Structures are given as C-alpha cells and as structure tokens.
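Q: Structure of the sequence below:
(chains A and B)
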Number of protein chains: 2
Amino acid sequence: MGDRANASRRTERQPRLLGALQGQSLDPPPIWLMRQAGRYLPEYRAVREKAGGFLDLVYTPALAAEVTLQPVRRFGLDAAILFSDILVVPHALGQSVSFLEGEGPKLEPVTCVSDLKRLNRDGTGEKFAHVFETVARVRQEMPADTALIGFCGAPWTVATYMVGGCGSADQADARLWAYRDPAGFASLIDILVETSIAYLDGQVRAGADVVQIFDSWAGSLPEDAFDTWVVAPTRRIVEELEARHPHVPVIGFPRGAGVNAARYVEATGVEGFGCDTGVPLETMRALAGRGVTVQGNLDPLLLVAGGPALEARVRQTLEALQGVPFIFNLGHGVVPQTPPENVARLVALVRADNGKR
Amino acid sequence: MGDRANASRRTERQPRLLGALQGQSLDPPPIWLMRQAGRYLPEYRAVREKAGGFLDLVYTPALAAEVTLQPVRRFGLDAAILFSDILVVPHALGQSVSFLEGEGPKLEPVTCVSDLKRLNRDGTGEKFAHVFETVARVRQEMPADTALIGFCGAPWTVATYMVGGCGSADQADARLWAYRDPAGFASLIDILVETSIAYLDGQVRAGADVVQIFDSWAGSLPEDAFDTWVVAPTRRIVEELEARHPHVPVIGFPRGAGVNAARYVEATGVEGFGCDTGVPLETMRALAGRGVTVQGNLDPLLLVAGGPALEARVRQTLEALQGVPFIFNLGHGVVPQTPPENVARLVALVRADNGKR
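A: Next up, the predicted model:
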C-alpha cells in the first residue's frame, strides 16, 4: 500500500478505478462486474459461435479483445477485464485442458510430485503471448480513463483444478494431497506462484492497469491451511508484482474466506479486496478501515431478479460504503440468465444515486 | 439458554454431550461425528445392500436403528445421530423425492406459490411415524449415558432442494424465488418451520436428547437474506421447541455462515453452534465466550489423510478450546473414503489427550 502517494504522478485522466484503489472514496464509486463479458450478452454468443472452441476464443486476440470490450461499450463500465480463463496457466504449462459445452473444464490430473515433471515451466511463452496481445489490443482500443484489469487464478484455486481434473464441491483431491504430502504439494504451488508472476507481469507490460487474483475455492479451508495455501502464495505474487510495477494495484478475491478475510488483507498486502456475497456490508466497511479498498458484493442472482429488490439493495450498499474507498461489483460472476437490461439499470442506479445522499 | 440451571435435575448418568450443551467445559470433550453412520463403514454397506432403496432404509426402523447404532458400537462415541435424511420432510409433505445411486437426490420441483397446494401439511404422520419408531428403538438399545441426537434440515436448506429439484452450487432457484416473490417464498418457509417443529417434537417425544438443525446452504446469502431465511425460521423452531421441551438443547449448524455466525448465535437462541471447517479455532473460542457451546470442526479430509497432520490438528484443537464448552466433531460430514481406523484413532487421540495438558 506504500506506493499510493507516489501514484499522484499519474495524469488526471487516470481511470477512476485506479483512484479508488489508491484509497480515494469516489462518489459514485467506479463499477465493473466479474464475468461481465459472457454468455448473457447476445454479442458475446455471436462471437463465441464463430470462434470454435472456448480456448480458441481465449487464444485469438482479435476475438478475445472484442468480447472484452463488448460490456464496456454497451454499459460504459469503469473497467474492462481481460477475457480469458484461470486455466490458461495449467494449459500453458502443458497440462491437457478442455472445455466441453455445458460440462465445465476437464484436465488430465496431476496427482503427485512425479506428475509435476509433465509440466513445462519454460514453455508457457507461446500461449501467454496470445493473451498479452489481447491485453495490448484492448488497451489500445479503450479510452485512457477506462481501466483494464488483468487477472490470474490464485495458486490454490488453480491447483484444485489441476489435481482434481475438474471443478468439485470440496476440492478433496488437492486438500488430500496437501495433507498427505505438504512438501510435494508445495512444489506445485511454487510452480504456480512463479508462473502466475510471469503471467501477470506480462499482462501489465502489455497494458493492464490493475490485476485481480481469483481464489474461488479459498473458502472451507481450516485457518492453518488457509495461511499456507491461500495467503502465503498470494503474498509472494503481490510482493513481486509490487517490486516490478509499484503503481499497479492488486485486487485479491478469496471467495468464501469468511472470518479469514481480515488476516488475508493484513498479510497479503493487496490494495483491493473483493468481497463475496456472504460478506455483510458492515464487515466491508470494517475491512476498508484497515486500509484496503473494498470491492463487491451484490448477489448476482439479485441482478437476475431485478426490480425493487435490486434497487433497494443497491441504495443500501451505496449508503453503507459512503466515505470509504469502494468499487461497486458483484459478489461473484454474472450468471448466463442475467437480462442485459438489468445490468444497464444497475449502472444507472449506481451513477444516478450520486448527489442524492 | 435460560434453562441450563434447571438441567441439574438430570441424573449424574446423563450423557456427557448434554453436560457440554448445558455449558460445562469437559475434559476430554464429548465427541461424535456428522454422518458417522454411512458408506465408509462395511457394516453399513451390508445393511444398505439388503435395504433396497435409500428411502427404504430410512423408513425401516429395524434397519435405520441398526445403522444409527453401528458407529456408536464400533467407536464408543458419546452420541448417536438418527440415521435419516433432511429430505424426509418434503417427502412426508408429499413431494416426489428419489435417491439415485451416485447421483444425489432428485425432487419434483416446487417453484411457485400455486405449487405449494401439492404439499399436504396434514399428511406427514405416516412417514414421520417410521422415523419416530427408529428413534425409540435406538434410545432403548443404547446406554443412558450415550446421547441420541435427532435432526432436521433447516427450512432454508430444505427449500433450496424443494425449489431446485436437486443439490446445486449456488441454490439459484430458491434465491431467485425469494428475490422475486418474498411473500410466496415465505409461505414455503412457513410450511417448513411448522413441519420441522412437528418433526423434531416427535423425535424428542420418541427419545431424542438433543436436536441439530442442519443448514448446509446457509453460506453465500447476503446478510439481509441470511437474517430473513436462515436466522428467523431457525429462531421460530428453537423457541417453540424450548417452550415444549425446555431441557432438550438445540444445536444449529449454518454451514458457511462466515462472519454471520455471531448474529446467528445471538438471534436464534441455540445452545450449541456447529462450526464448519472454515471457522478458525480462535473464532470458535470467541463464539463460546458468547455463551454458546461450540462444536466442530476438524476437516473431514484430514480424517481421510490421518497420520501426523491429523494428530497435530487434534492436539491444536483441544488446546485452543480448553476451558470452554466444546463438543469435538468434524466441520462437515464423514466422507465415504474415510478409513474406519482413522476414526478409531481420532477418538483415542481426543480421549488420551485428557490429563496431558
């Protein structure tokens, strides 16, 4: 957080998202939405259809840039987030990854230390290059006051997919490996820390203004495992990125961290903390009091429902977080059945509320 | 909690679990495990095979009592928990419920107010009677110092299955109904509150010493929805049960409640609070300081892994919760791949640790 003061070297046209991440309380707060590019948008589905497979879309810069830009154009959001997937990292490491329609990702599991030999830490360049080109294209096509967010999956969450071979309710395979052979599992985490640093570094060099680390499966770990597998690897990434790019803030999103949120904020050094839907507004305010910018946390299903329930909760959120550094977002990604008009309404609500209080 | 003092009328041979729930700090703490009767036990699989379908097992008192007793006999646990399923309530209400091998439950979904007419609130007696007979058999066959725990699913969690028709990662259907038509959804919750009271009341009359309310999907709700759909219905059940059976303590288990745990404890009036694996030991201690007996929260996967990691965590847990009212348990149910010998080792560890500190 120490670099916030220096950030004033940036021009006044800097993205509002950066202002919030430098500790400013903005009214209205900047707004973007996790998974804002996606299947709920007809223009996304049109591009997706002509791309072939999901990974073809991710690795074709012209198409990936297009879908990254779509929600920014349609809704005038304060930030674009790179269209990609957290499984690009294992894929670039040489693990077999496929996305079957309606089934979620499938990976050839890595289940023990000797399997790690199958990963090629020096071979990520080619696949990453496509992603970096997407970032560069998006940055070039967007106005300077719209932020571009790069991202990666956190080592723990990426490891749960690499070890389990698919998404699972309890991440049993990764957790068992970590209990039975902590040193071996740490080798996998080390590879992911190192590769994630290179991946985020490349995204920043290509033009990302901010990066977010998604730890979707951070919840349900006991606090000691949380410290070892969630907090420590994240801190290593944050520290290295801050050393290389002191003006690029990092947002951490350990979904389901519950009461472990405070230790995460304290120990990782992230500038922004993404709150899932289960974090009460008063807790968000308390976290902001610890010097972090809070982001979140509208229920994505409330965005599907729309109507007075949505309006009431948006007002309540804006009021509860008035005067603290805050970025309006959802508590999880936009779901496919979201009516795009509800997103437009949300953006209008957040901005129209400005000055009414 | 006001009834704790009166509970001294019980004889000295009362189950140690009750002592802990009356606020006593016991050394060693009483121990039982969620889903302690189940597929990880060969003797369970033998009974399961001859029972036909899963619901046949649940509704055949001789068999259900047998599998309830198996883990108590094998491990000498401090409590038995009725072998049943949280979906007995919708099934008894007349909803179609089936359990397909390896697939999880399937229900004919109830998705709007007019669907509620399909539920027969006065028709639960016959199915409940089988369960009550199981409870009576178990109580009769167990020594008086082993507690018998009855249970039900919390209205919110049961509703997520009734509305969604199956388990889901985000309980989207129930949440959407609750947002779009809160009054209609409240009618469903009201039916579940009323039916759950009758169901738990019957279990207590049949011999249950304690009841637990399982709210497996309490996590991820925003705090206002948590108050409305998790806390308020649970409080209604707890209040009515305490009015009818002041000496029967209630344990609440809102899995994933995160920072909402404190408001749940405060507002529901439960005597026991079940902590999931994500609740840090220091938070358990703090919750115990609010006058509730804490229960939990070993990672079920650590029980699969066994070895020194298990031993270290058990010792750490016993030490952290020394001097507060505490029941040793897991943070979630026993998983099928658990080696029974690890359960035996766990019980020995918890009891052998007695006096060493």
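
Q: residue contacts, the closest residue to chain B within the stretch 201-350 of chain A?
A: When distances are taken as C-beta to the nearest C-beta, the stretch 201-350 of chain A reaches nearest to chain B at residue A:258, 3.1 Å away. To be clear about C-beta, it is placed using only N, CA and C from the backbone, and glycine gets the same treatment. Contact analysis of residue A:258 by C-beta atoms under 8 Å, 6 or more residues apart in numbering or on different chains lists A:219, A:278, B:256, B:257, B:258, B:259, B:278, B:279.

Q: burial count for the closest residue to the first one other than its chain neighbours?
A: Meaning residue A:219. Spatial nearest neighbour of residue A:219, excluding adjacent residues (C-beta to C-beta, 6 or more residues apart in numbering or on different chains): residue A:256 at 2.0 Å. For residue A:256, the neighbour count with other C-beta atoms under 10 Å in any protein chain shown is 23.

Q: pLDDT averaged over the longest helix seen in chain A - what is it?
A: With secondary structure taken from DSSP state H, chain A has its longest helix at helix A:182-206. On average, the pLDDT along helix A:182-206 is 98.

Q: now for the contacts of residue A:258, which pair is the farthest apart?
A: Greatest spacing in the contacts of residue A:258, by C-beta to C-beta: A:278 and B:279 (13.2 Å).

Q: Show me which residues of the stretch 101-250 of chain A sit near chain B.
A: Within the stretch 101-250 of chain A, the positions lying close to chain B (C-beta under 8 Å from any C-beta of the partner chain) are A:169-170, A:172, A:175-176, A:179-180, A:182, A:219-226.

Q: try 6 Å
A: Residues of the stretch 101-250 of chain A found near chain B (C-beta under 6 Å from any C-beta of the partner chain) are A:172, A:175, A:176, A:179, A:180, A:219, A:220, A:222, A:223.

Q: before we move on, the earlier item: I'd like to know which elements the longest helix of chain A is packed against.
A: Identification of packing neighbours for helix A:182-206 by 3 or more C-beta pairs under 6 Å, 6 or more residues apart in numbering or on different chains; DSSP states H and E yields helix A:125-141, strand A:147-153, helix A:155-164, helix A:232-244.

Q: Show me the contact partners of that helix.
A: Identification of contacts with helix A:182-206 by C-beta atoms under 6 Å, 6 or more residues apart in numbering or on different chains yields A:89, A:113, A:116, A:128, A:132, A:135-136, A:150, A:152, A:155, A:158-159, A:177-178, A:211, A:233, A:236-237, A:240-241, A:244-245, A:248.

Q: could you flag which of those are buried?
A: For those, a burial check counting by 16 or more other C-beta atoms under 10 Å in any protein chain shown picks out A:89, A:116, A:128, A:132, A:135-136, A:150, A:152, A:155, A:158-159, A:177-178, A:211, A:233, A:236-237, A:240-241, A:245, A:248.

Q: Give the helix, strand or coil label for the residue lying closest to residue A:156 once chain neighbours are set aside.
A: Take residue A:156 and drop its neighbours on the chain: the residue closest to it by C-beta to C-beta, 6+ apart is residue A:229, 4.5 Å away. Of the three states, residue A:229 takes helix according to DSSP: H, G, I helix; E, B strand; the rest coil.

Q: and residue A:229, how many neighbours?
A: The burial count assigned to residue A:229 is 27, neighbours taken as other C-beta under 10 Å.

Q: Please tell me I have it right and residue A:156 contacts residue A:227.
A: No - between residue A:156 and residue A:227 there is no contact under C-beta atoms under 6 Å: 11.2 Å.

Q: Quick check on those two: which one has the bigger neighbour count.
A: residue A:156 (29 against 16).

Q: Contact partners for residue A:336?
A: A:39, A:40.

Q: helix or strand for it, which one?
A: Secondary structure from DSSP states H and E places residue A:336 outside every helix and strand.

Q: my guess is residue A:98 is in a strand, correct?
A: Yes - counting by three-state DSSP, residue A:98 is found in a strand.

Q: Next secondary structure element downstream of the longest helix of chain A?
A: Sequence-wise, the next helix or strand downstream of helix A:182-206 (DSSP H and E) is strand A:210-215.

Q: how about the strands in chain A?
A: For chain A, the strands defined by DSSP state E occupy A:79-81, A:97-100, A:104-107, A:147-153, A:210-215, A:250-254, A:272-274, A:293-298, A:326-330.

Q: Mean pLDDT for the ones you listed - can I get that in JSON lines?
A: Compiled in JSON lines, those are given as follows (pLDDT from 0 to 100):
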{"stretch": "strand A:79-81", "mean pLDDT": "98"}
{"stretch": "strand A:97-100", "mean pLDDT": "92"}
{"stretch": "strand A:104-107", "mean pLDDT": "94"}
{"stretch": "strand A:147-153", "mean pLDDT": "98"}
{"stretch": "strand A:210-215", "mean pLDDT": "98"}
{"stretch": "strand A:250-254", "mean pLDDT": "98"}
{"stretch": "strand A:272-274", "mean pLDDT": "98"}
{"stretch": "strand A:293-298", "mean pLDDT": "98"}
{"stretch": "strand A:326-330", "mean pLDDT": "98"}
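
Q: okay, those in CSV with distance to residue A:287 next?
A: As requested, the strands of chain A are exported to CSV (distance: least, C-beta to C-beta, whole Å):
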stretch, distance to residue A:287
strand A:79-81, 20
strand A:97-100, 34
strand A:104-107, 31
strand A:147-153, 20
strand A:210-215, 16
strand A:250-254, 11
strand A:272-274, 6
strand A:293-298, 5
strand A:326-330, 10
